[in-house]
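In: below: sequence and its predicted model.
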2 protein chains.
Amino acid sequence: MDQIASPAPRPFPAGFADALAARFGPACQMGEAVRAQHGASESHFPTVLPDAVVFAASTADVVDCVNLCREAGVAIVPYGAGTSLEGHTLPLAGGISLDLTRMDAVVEVNQTDFDCTVQPGIRREALNAHLRDTGLFFPIDPGANATIGGMAATRASGTNAVRYGTMREAVLGLEVVTSQGKVIRTGRRARKSAAGYDLTRLYIGSEGTLGIITGITLRLHPVPEAIMAATCPFDSLEGAVETVVQAFHCGVPMARIELLDAMQVRAVNLRAKLGLTEAPTLFFEFHGSPHGVAEQVETVKALAASNGGGDFQWSPRAEDRTRLWRARHEAYYAAVALRPNAIGWTSDVCVPMSRLAQCIVETRADLDRSIVPATIVGHVGDGNFHAIFSIDPTAPHEMDEVAEINRRMVARALAMDGTCTGEHGIGIGKQTMLVDELGEDAVDVMRALKQALDPQNLFNPGKIFSA
Amino acid sequence: MDQIASPAPRPFPAGFADALAARFGPACQMGEAVRAQHGASESHFPTVLPDAVVFAASTADVVDCVNLCREAGVAIVPYGAGTSLEGHTLPLAGGISLDLTRMDAVVEVNQTDFDCTVQPGIRREALNAHLRDTGLFFPIDPGANATIGGMAATRASGTNAVRYGTMREAVLGLEVVTSQGKVIRTGRRARKSAAGYDLTRLYIGSEGTLGIITGITLRLHPVPEAIMAATCPFDSLEGAVETVVQAFHCGVPMARIELLDAMQVRAVNLRAKLGLTEAPTLFFEFHGSPHGVAEQVETVKALAASNGGGDFQWSPRAEDRTRLWRARHEAYYAAVALRPNAIGWTSDVCVPMSRLAQCIVETRADLDRSIVPATIVGHVGDGNFHAIFSIDPTAPHEMDEVAEINRRMVARALAMDGTCTGEHGIGIGKQTMLVDELGEDAVDVMRALKQALDPQNLFNPGKIFSA
C-alpha cells in the first residue's frame, strides 16, 4: 500500500455532537459497533473509525449534515454498501460517516424512455428486482451488490461493461449536494446534451471528494430477446486472451467475456461447486436476437477452437446462468478463502487490447514466483484484469510482498500505455500510481478542482491525492 | 440571441505585438482579411475581430502563446474550422485567435487496438481518408467537416451518435495546455479507467474556456461488413417520429436515423437534386453483418408501413450513399438558401424519446406561424432536432422573431425534461437557457471550475456563462 500521510484526526468542536443529536436524533449513532462497521475496509486496509455515523433519509438530511459539518470544520465520508476496494470509505480525518442506504427509493421509471431515477442508497440487485416487470434492466455489474450512489462515485464498471459501458455512460444526470449545502442537478433526461461543462462526468468517479450524490438518473436497456451463457477451458492463458482479442476484432458484440485463471477456477469450484476443469477459462454471455446470438456463438466457438479452447459448457436455463455469474461475482471471496483466515487484497489494471496477453502472462509469472497465493480474473473484453491475493495476516512480510507485486503490475500496465486502475479507483491505495500515470501537473489540475468545489476539504479528505 | 454583456475589448499592452512577432514571425498575422475570417460566425452572430491570429504548428507554439498571453493578460480563442453554430470562436474580448489547423497530423494509428492519436487541427474527413486502408473508421459526424479539436471542445455529435455515441464516448484521452502553460495528458489508451477525476470529459465540451486541446486519442470502429442506406417519406411528421421511437423500443441498432421535414426535403432537392417526394422523410443507415442488417431492415420497414411510411428508396452503392449523406450534411446551407442572401440561424434541442413527436409537431406549428421560413431536421434516434431559419438580413424584426421562436422551442424542450442543446453547445447564444436548464447554483459550480483552472479568464472569455 502507498504510504500516504493521513490527515490528522480532528476532534469534534464543542457543541457539535449536541447539534448533531438535536438535528438527527437516533439517526446519528456513535456506538462502537456501528462506527466499526463503517470504518472497516472490504480489502486490506486497516479499520479507521468515524466519530459518528449519520443515517440520511432525505436530501434535506444530507444538506443539513453538510451545513453542520462545514460550520464546524468536520469531515464527511459518504457511505453506501462499503464494497469499494481501495479504502474509499475510510474516514481518514475522522468525522462523519454519512450512511445513505436509507435513501433507497426508486423515484421514477420512464419505461418509454428507458431511464429511471433512483436515490443513492439502492443496491443494483434491488433496482433490477424493481425493474423485473418492465422489460428493462440496469446492466452495470461490478460483482458486489453495491449501491448505485457508490457505483457512480467510483465510476464502477464490471462484467457487462464491454457491451453496455461503465457508470460514465450509464448516468444521464445527478443530484448533488455541494460543500456549500446547495442542491444541484447536473443533467436532465435527454440522451445527450452539450449544455455547459460535463458536471455529471466530473462527479462520477470523484470518490466522494467533490460532492454528495443524492440522486441518479440512469439509462436502462431492454432485456435482450435471447441470452446464452457458456464456459470454455483453454490450454493456456495466451489462448484464452487471444480468443478475446480476436472476437473484439471481429466486432462480436459480446455482453460478457470474463477470464478466470486456473487457480481462480479452483477457488470458485471450492466455493460454488461448479465442477469446472481447472484450466484458464472464459465465461461468456451473448445478448441479442436469436439469429444474432447464434451468429456470435458460431464466431466465438471457431475462434476458441483455433486457440486451444476445449468444449463449451452451456448454461441454457436462467437459473444456471445465475449460478454461473454468482460464482464469478464471488471470485474475490473465493480467492481470499484459498487460505483460512486470510486477508484479501485485489488490484486492477487495464491495458490496450494488443498488450493484454503479454500483460496477463507476465503478471501470472510474477504471481507464480510469490509465496502469497493469488489468482487472476478479469473483464478481458475491456483489457481490464485483477490480481486477487490471499494474505496471511500473521505474516507481515506478505503484505510488503504483495505491495511490491502490485507496484510491478501497475508499472507493467503503465509501460503498455494502460491505466493503474480500470475500475477500482484510486482511494488510498493508488495515489502515487495516479501521479505515475498522468503526471504531477495533471494531478495538480485535480487538486485545483477539489480546492474550487470543496475549499475546506470536508468531503472524504485524503482520497485520490494528498490535499 | 441572448443579451450577454461582452467583456470590454482589451488593447494589446505595450510591447506585446513585438513579442508575438519575435516569437511567431509570419505565423502571427494582423491583416484585416485573416482577422475577419477568424472573427466571422457560421451562424447569425455579428463578426468580432481578433487583434491577431497566431497559427500554431506545435504544442510548443501553443505553450509559448499561452505564456505570452498570460503574462500580458491577453485573451486567447482557439480556432479550428470555424463551423460551430453558437458563436464559440468569436473573440469577444479581442486578443488572439489561435488557429490550430496547421497541427493536423495523425500521430499514430493502433490498428489492433482500434484507436488513433491526432493533432487538433485535422478535419474528420481527412482523418477518415487517412484510415481508409485500415478497415477502421471514425464515426462521429456532425455534418460540417469540422476539426477533431473543435469537435472535442464542443462535445460534437451528429448523425452516427445514435449508434456510436458522441465525442464524450469517442475520446480516450487528451493532451491539453493549461492556462499556466503546462502540458497535461488526461488519459491513456486503455478503453476504460477509474484513475482520478475525469479530466477528459471535463475538457470535452468546455468550448475552449478551460484549456487548449493539442492532442486527441480517439476510439475507432471497424468498418461494418454490410451497410444499407435508404430514405422513406411519411404521411405526417408524427408517423415518421413514431417509427423512430418504435425502432428504438425494438432495440434496432441503427447507425443513422435522420428526420427531414417537408420544407427541408424541398431545400435539399433544390441544392442536391435528389428528387425526393416533398414529405416528412427519414434517412436511414444500417450497419452490421449481412444477416443483422437484413433483420434491422425488415423490422424498420414493418414499423414504417404501420406509421404511414411510403416506399423505401435504397442507395445500394457507396457513391449513392455518399450523395445522400452529403445532401443531409448540407441541410443547413440548403435551408438557409431557401431565400436569396439570407442569414442562417439554427437552434437545437434534445428531449426524451417519449416527448419527441409532440415536441417536433408543436415546434413545426410554431414555425408555420412565422413569416421566416424554417425547416426541421434532426438526429431523431437521440431525441435531438434542429430548426434552421433563413433570415432576411435587411429585416431586423425577423431576427427578433427568430429569437422568440428559439426561446419558445427551448422552453418547450425544458418543460419536457430535455436540454437546451443536444450538440451545438452554449457559446454566446444560450447562456440564459443554460441557467434555465440547470439552475444558477449548477452554473456557479461551472464558474468555480473556470476560476480554478483559468483564474485570469484568458481562454475564450464570455462563453458558456458571463464570468
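Out: That came through, no problem. Please read these numbers as outputs of a predicted model, since none were measured by experiment.
In: can you give me the buried ones in the helix ranked longest in chain A?
Out: Counting residues, the longest helix found in chain A (DSSP state H) is helix A:396-415. Residues A:398-399, A:401-403, A:405-406, A:409-410, A:412-414 are the ones in helix A:396-415 that count as buried (16 or more other C-beta atoms under 10 Å in any protein chain shown). No exception for glycine: its C-beta is placed from N, CA and C like everyone else's.
In: again with stretch A:109-116
Out: So stretch A:109-116, judged by 16+ other C-beta under 10 Å, has buried residues A:109-110, A:113-116.
In: between the residues you listed, which is nearest chain B?
Out: A:D113 (4.2 Å; C-beta to the nearest C-beta).
In: assign that closest one to helix, strand or coil.
Out: Following DSSP: H, G, I helix; E, B strand; the rest coil, we place A:D113 in the coil state.
In: model confidence for it, exactly?
Out: For A:D113, the pLDDT comes out at 96.
In: how close does the nearest residue to it once chain neighbours are set aside get to B:C359?
Out: Counting by C-beta to C-beta, 6 or more residues apart in numbering or on different chains, A:D113 lies nearest to B:P352, which is 4.2 Å off, once chain neighbours are set aside. Distance, B:P352 to B:C359, by C-beta to C-beta, to the nearest Å: 9 Å.
In: identify the contacts common to these two.
Out: Residues within reach of B:P352 and of B:C359 at once, by C-beta atoms under 8 Å, 6 or more residues apart in numbering or on different chains, are B:416, B:418.
In: what's the domain layout of chain A?
Out: The record's domain parsing of chain A by automatic domain parsing lists A:16-101, A:106-222, A:226-329, A:333-435.
In: and the ones you listed, which is most packed in?
Out: Mean neighbour count, computed with mean count of other C-beta atoms under 10 Å in any protein chain shown, is highest for domain A:106-222 among those, reaching a mean of 23.
In: how far away from the center of its chain is it?
Out: 13 Å (C-alpha atoms, centre = their mean, to the nearest Å).
In: just the element for the spatially most central residue of chain A, please.
Out: In chain A, the C-alpha closest to the average C-alpha coordinate belongs to A:A156, at a distance of 4.1 Å (C-alpha atoms, centre = their mean). Secondary structure assignment for A:A156, by DSSP states H and E: no helix or strand.
In: these two touch, right, it and A:M167?
Out: Yes. Contact criterion C-beta atoms under 8 Å: A:A156 and A:M167 qualify, at 5.1 Å.
In: overlap of the contact sets of the two?
Out: With C-beta under 8 Å, 6+ apart as the test, A:A156 and A:M167 both reach A:I140.
In: mind checking how far the residue nearest to A:D113 is from A:G165?
Out: Counting by C-beta to C-beta, the gap from B:P352 to A:G165 is 19 Å.
In: quickly find the element holding A:H386.
Out: Assigned by DSSP H and E, A:H386 belongs to strand A:384-391.
In: quick one, that strand and helix A:396-415 angle?
Out: 170 degrees (axes from the mean of the first three to the mean of the last three C-alpha atoms, to 10 degrees).
In: now for the buried residues of helix A:396-415, which pair is the farthest apart?
Out: A:E398 and A:L414 (24.6 Å; C-beta to C-beta).
In: helices and strands around the longest helix of chain A, which ones?
Out: If you count contacts as 3 or more C-beta pairs under 8 Å, 6 or more residues apart in numbering or on different chains; DSSP states H and E, helix A:396-415 packs onto strand A:343-350, helix A:353-368, strand A:384-391, helix A:431-438.
In: show me the contact partners of that helix.
Out: Contacts for helix A:396-415 (C-beta under 8 Å, 6+ apart): A:1, A:44, A:345, A:347, A:349-351, A:359, A:362-363, A:366-367, A:370-372, A:374, A:387, A:389, A:391-392, A:419-420, A:430, A:433, A:436-437, B:188, B:190.
In: now do 6 Å
Out: A:1, A:345, A:347, A:349, A:351, A:359, A:363, A:366, A:372, A:389, A:391-392, A:420, A:433, A:436-437 (C-beta atoms under 6 Å, 6 or more residues apart in numbering or on different chains).
In: what packs against the strand holding A:H386?
Out: Judged by 3 or more C-beta pairs under 6 Å, 6 or more residues apart in numbering or on different chains; DSSP states H and E, strand A:384-391 is in contact with helix A:331-336, strand A:343-350, strand A:374-379.
In: what about the strands in the stretch 201-350 of chain A?
Out: A:212-219, A:221-222, A:226-233, A:256-260, A:281-288, A:313-314, A:343-350 (DSSP state E, counting those that start in this stretch).
In: export those strands to JSON lines and tack on distance to A:T134 and mean pLDDT?
Out: Putting the strands of the stretch 201-350 of chain A into JSON lines (distance: least, C-beta to C-beta, whole Å; pLDDT from 0 to 100) gives the following:
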{"stretch": "strand A:212-219", "distance to A:T134": "13", "mean pLDDT": "98"}
{"stretch": "strand A:221-222", "distance to A:T134": "9", "mean pLDDT": "94"}
{"stretch": "strand A:226-233", "distance to A:T134": "17", "mean pLDDT": "96"}
{"stretch": "strand A:256-260", "distance to A:T134": "22", "mean pLDDT": "96"}
{"stretch": "strand A:281-288", "distance to A:T134": "17", "mean pLDDT": "95"}
{"stretch": "strand A:313-314", "distance to A:T134": "28", "mean pLDDT": "93"}
{"stretch": "strand A:343-350", "distance to A:T134": "32", "mean pLDDT": "96"}
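In: how much space separates A:G95 from A:R70?
Out: 11 Å.
In: now A:P11
Out: 17 Å.
In: kindly report the same for A:I388.
Out: From A:I388 to A:R70 the distance is 39 Å (C-beta to C-beta).
In: contact partners of stretch A:86-101?
Out: By C-beta under 6 Å, 6+ apart, stretch A:86-101 touches A:6-7, A:9-10, A:38, A:41, A:45, A:48, A:50-56, A:65, A:74-80, A:82, A:120-121, A:149, A:207, A:424-425, A:427-429, A:461-462.
In: what's the end-to-end length of it?
Out: 20 Å (C-alpha to C-alpha, to the nearest Å).
In: show me where the stretch 1-150 of chain A has its strands.
Out: A:28-29, A:52-55, A:76-79, A:96-99, A:106-110, A:115-118, A:136-137.
In: list of residues touching stretch A:421-431?
Out: Contacts for stretch A:421-431 (C-beta under 6 Å, 6+ apart): A:1-2, A:4, A:85-88, A:154, A:157, A:207, A:348, A:350, A:384, A:420, A:434, A:463-465, B:192, B:194-196.
In: could you do stretch A:356-364 as well?
Out: Under C-beta under 6 Å, 6+ apart, the answer for stretch A:356-364 is A:237-238, A:241, A:351, A:376, A:383, A:385, A:409, A:412, A:416.
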